[in-house]
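K.L.:
no sequence on hand, only this structure:
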């Protein structure tokens, strides 16, 4: 099995249900683990091109969305659709400094999608 990882991707986005999130935006960190059954790689076409994955994520992050769960699901679906060799995708999205009074830290979600 081969896994491709994209770690600590940082984006500013306008995702969330609170009005201030739609105006000021927030910082997000994304980690993606992509799992395949590939045993040997000799060319880029034999594996998952992480540049293409990054572009898919970047494009999706540019569209404001109320729920992080929706973002993760749609990202995973895009990766599965783009790469037929992918067996499963794990995505973690953290919202850094969410708009919660007196809160320090981050909140986030994890989502896993497997090819049927």
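P.N.:
Happy to help now that I have it. Since the model is a prediction, treat every value here as computed from it, not as a measurement.
K.L.:
packing partners of the longest helix seen in the chain?
P.N.:
If you go by DSSP state H, the chain has its longest helix at helix 68-82. Identification of packing neighbours for helix 68-82 by 3 or more Cβ pairs under 8 Å, 6 or more residues apart in numbering; DSSP states H and E yields strand 26-36, helix 50-61, strand 86-96, strand 106-114. Bear in mind the C-beta positions are built from the backbone N, C-alpha and C, glycine included.
K.L.:
parallel or antiparallel, list what pairs with the last one.
P.N.:
So that's strand 106-114. Counting by DSSP bridges, the strands paired with strand 106-114 are strand 86-96 (antiparallel).
K.L.:
what comes up buried for the strand it pairs with?
P.N.:
86, 87, 88, 89, 90, 91, 92, 93, 94, 95 (16 or more other Cβ atoms under 10 Å).
K.L.:
pLDDT-wise, which helix or strand of this structure ranks last?
P.N.:
helix 19-24 (a mean of 84; mean pLDDT, DSSP states H and E).
K.L.:
identify all contacting residues around that helix.
P.N.:
Here helix 19-24 makes contact (Cβ atoms under 8 Å, 6 or more residues apart in numbering) with 14, 15, 16, 64, 99.
K.L.:
hmm, back to that, chain center to the longest helix of the chain: distance?
P.N.:
7 Å (Cα atoms, centre = their mean, to the nearest Å).
K.L.:
what sits up against that helix?
P.N.:
15, 32, 34, 48, 52-53, 56-57, 60-61, 65, 86, 89, 91-93, 95, 108-113, 115.
K.L.:
rewinding a little: what would the helices and strands packed on helix 68-82 look like in CSV with distance to residue 43 and mean pLDDT?
P.N.:
Shown next, in CSV, are the helices and strands packed on helix 68-82 (distance: least, Cβ to Cβ, whole Å; pLDDT from 0 to 100):
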stretch, distance to residue 43, mean pLDDT
strand 26-36, 14, 97
helix 50-61, 14, 97
strand 86-96, 17, 97
strand 106-114, 26, 96
